[in-house]
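> What would the 3D arrangement of this be:
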Amino acid sequence: MTSWQRRLAELSPLRETLVAEFAGRAAEAPGQLLAAFTTARGRYELWEEPDASTPELLLHTSDGAHRVLDFADHPAEGREFLLGSVAVSEDGRLLAYTVDVDGSDRYQLRVVELDAPSGARTVRSAVSSAVGWHGRDLVFTEPDEALMPSTVAQISAAGHGYRVLCRAGAAEYFDLNQASDGRTVVISRESHAGNHLLLLPPQATAPIPVENFEPGDRVQFDTAMGHDWLLHASPGRSDRLLVRRAGGEWQLRCSAAPAAQWEEVVAVSGAALIVERQGGGQRLKTVTAGAGIGDPVDVRFGSDDGLAALSFVPGFDPAGTEALVVRESWQSPARLYRISAADRSAQPIDAAPPPAGTPVMRVIRLRARSADGVEVPLTLLGPADRPAPWPTVLYGYGAYGVALDPGYSPFRLSLLERGVAFALAHVRGGGDLGEPWHDAGRQGGKLHAIEDYLACARHLVDEGWATADTLVARSRSAGAAVVGAALNRVPELFAAAVLEVPFVDCLRTLSDPAAALTELEWAEWGNPLLDEQARAQIASWSPVDNVVRAAYPAMLITAGLADARVSAEEPRRYSEAVRAHSTSGRPVYLKEDASGHLGHSDVYEDWYDEAEVLAFILDRVGRAHPAPVAEPIR
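The predicted structure is shown next:
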């Protein structure tokens with residue numbers, strides 16, 4: 001039995017109580033719409049209930065809704081599985097989906113006949129997750145040895161006629177999706193610097209480039225009801241939206257404000273919807289296809305207006321009558337809205353939420369001054385019923401332009417109800433303030449992200465929001481490179497730390513071209529093999545290489561034995577180094593399990609993982625109050 005297993009046994013009553021809290025909230029939460037496909041047979045919707053491990057496919061017709069397929073009835077060789085993508089054929093007769101049966105990040109491509117969904121046939125193995133329909137054929141991506149989707153291929157629904165459509169170059173990979181017309185496959189050739197688009201419209205036998213763009217440009221495409229829309233982001237200029245009639249010339253329709261970034265576009269009948277990032281959150285805009293240049297108009301969400309996290313529900317609606325948007329904020333759970341093409345209004349699909357009771361959290365927007373004088377946004381979610389200072393968890397990421405959007409988490413409520421705050425450091429390297437914010441924190445700028453995180457931690461303590469003896473650092477994956485480096489620099493600033501599947505042996509991994517993802521990672525972190533300056537910079541902060549003799553906080557470090565992105569050896573080496581150098585006498589726990597990088601496919605397993613993390617945190621900040629043992633979920 002490991003030291004973590006022994007400690008976990010002592011924390012088991014608290015863990016069970018936390019899992020019971022998660023289950024109670026899930027029972028009250030609405031289901032999540034994962035995808036929607038409007039076909040001649042009706043509207044197919046893929047729903048997942050909060051307490052279910054597998055989703056189900058419903059068909060809505062004039063006679064009402066009925067279940068067509070439950071993925072629980074299609075087990076992956078009797079094991080748990082991770083569902084990748086789903087796609088319904090244009091005629092509504094076939095469902096294609098990808099499934100990872102062993103946590104290896106290699107998927108199987110399967111097809112189900114929806115008239116008689118008694119079984120699924122595997123038409124291709126060892127594929128990546130993306131899939132779409134091109135007539136009666138499937139278009140999908142396949143991984144290289146580093147598990148990046150480097151090939152786009154086509155095959156019939158019966159598994160015949162396999163052929164390669166295109167291959168990625170060095171440090172490139174592919175993504176693909178179905179356009180809103182349900183007939184066009186959009187292929188994106190991606191790199192960390194930008195992307196190029198290829199289209200596979202009906203009747204085409206090979207992908208067609210959309211336009212010739214400059215390196216560093218980012219573009220998105222969608223089409224519905226005879227209008228093509230192109231979102232074009234270019235370094236140093238405002239984002240632009242272009243429109244054309246099918247087969248015509250592109251015309252500029254509108255441009256973003258200088259401080260705004262346009263991140264997603266979806267076509268509806270005679271109009272386009274745009275997700276805009278500005279001021280640390282997202283808003284939804286709409287613009288018609290009419291002639292001339294004009295500003296887009298805000299889509300109103302009634303009393304829910306303001307900054308939020310927005311995402312379109314994937315799928316297609318050939319008539320372009322509506323789009324489906326999920327909206328959530330720090331305080332409001334995800335809610336599904338229908339955006340009408342006729343009046344551009346957002347109408348909630350579910351019933352009105354129950355009246356809000358006593359507020360659980362306060363949302364406090366702060367700014368911390370980093371070492372170079374730059375102000376870093378900091379969001380603090382504090383208990384509404386208790387005055388500061390609070391025990392506080394400070395989360396950081398700072399890589400790949402990923403933004404920490406105003407998203408709701410039912411897990412945080414278990415902290416807030418016990419008087420523990422949760423803060424998010426919007427450090428450089430993330431996308432919270434657009435692409436320039438990302439550029440300032442990648443490669444040689446990664447030191448900025450590390451200093452930003454430390455500035456946020458100091459600000460919480462210096463301004464009386466938190467105390468150093470109850471401040472907890474938390475991150476996962478690439479975010480652990482930033483947070484792990486910050487812990488090495490000022491370990492005494494934190495009482496505890498949680499690093500989940502952490503990328504912490506950065507110099508070694510980035511120096512190994514055979515390691516998963518390495519060649520693509522050079523655009524984010526720098527190439528230590530070809531650039532001596534990059535090597536010196538990475539060596540100066542790489543967490544494993546910079547552990548010092550100092551008073552480290554108590555730590556919980558997790559590793560997934562099936563993790564194909566971050567080898568379990570990295571968290572092992574880091575935990576061993578901290579144990580060997582720490583002078584605090586505080587424990588350094590290493591938790592290993594059979595999960596992959598994204599966790600478990602079983603929702604209950606993920607609940608238990610999160611409950612273990614929260615139990616560790618509550619224990620270290622003195623809030624692990626005795627509680628009766630809850631009935632186990634399984």
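
> which residues of the stretch 51-200 of the chain score low on pLDDT?
Low-confidence segments of the stretch 51-200 of the chain (pLDDT under 70): 53, 74-81.

> what are the ranges of the strands in it?
56-61, 64-70, 82-88, 94-100, 107-113, 120-127, 131-134, 137-143, 149-156, 163-167, 173-178, 185-190, 195-200 (DSSP state E, counting those that start in this stretch).

> Could you check the ones you listed and tell me which one is nearest residue 207?
strand 195-200 (3.7 Å; C-beta to C-beta). For glycine as for every other residue, the C-beta is placed from the backbone atoms N, C-alpha and C.

> thinking again about what came up before, identify whichever of the strands of the stretch 51-200 of the chain lies nearest to residue 475.
Nearest of these (C-beta to C-beta): strand 82-88, 22.4 Å.

> Can I get the strands of the stretch 51-200 of the chain in a markdown table including distance to residue 349?
Output for these, formatted as a markdown table (distance: least, C-beta to C-beta, whole Å):
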| stretch | distance to residue 349 |
| --- | --- |
| strand 56-61 | 12 |
| strand 64-70 | 13 |
| strand 82-88 | 20 |
| strand 94-100 | 23 |
| strand 107-113 | 26 |
| strand 120-127 | 29 |
| strand 131-134 | 25 |
| strand 137-143 | 30 |
| strand 149-156 | 32 |
| strand 163-167 | 36 |
| strand 173-178 | 22 |
| strand 185-190 | 26 |
| strand 195-200 | 31 |
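
> in what helix or strand does the spatially most central residue of the chain lie?
For the chain, the residue nearest the mean C-alpha position is residue 402 (8.0 Å; C-alpha atoms, centre = their mean). Assessed by DSSP states H and E, residue 402 sits outside every helix and strand.

> Turn the strands of the stretch 51-200 of the chain into JSON lines, columns for mean neighbour count.
Converted to JSON lines, those look like this (neighbours: other C-beta atoms under 10 Å):
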{"stretch": "strand 56-61", "mean neighbour count": "18"}
{"stretch": "strand 64-70", "mean neighbour count": "14"}
{"stretch": "strand 82-88", "mean neighbour count": "23"}
{"stretch": "strand 94-100", "mean neighbour count": "23"}
{"stretch": "strand 107-113", "mean neighbour count": "22"}
{"stretch": "strand 120-127", "mean neighbour count": "16"}
{"stretch": "strand 131-134", "mean neighbour count": "23"}
{"stretch": "strand 137-143", "mean neighbour count": "24"}
{"stretch": "strand 149-156", "mean neighbour count": "20"}
{"stretch": "strand 163-167", "mean neighbour count": "14"}
{"stretch": "strand 173-178", "mean neighbour count": "22"}
{"stretch": "strand 185-190", "mean neighbour count": "22"}
{"stretch": "strand 195-200", "mean neighbour count": "20"}
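
> out of those strands, which comes closest to residue 26?
Judging the strands of the stretch 51-200 of the chain by C-beta to C-beta, what sits closest to residue 26 is strand 56-61, at 16.1 Å.

> which phi and psi does the residue lying closest to residue 126 once chain neighbours are set aside have?
Closest residue in space to residue 126, ignoring its immediate chain neighbours: residue 106 at 4.8 Å, by C-beta to C-beta, 6 or more residues apart in numbering. Main-chain dihedrals, residue 106, degrees, to the nearest 10: phi -110, psi 130.
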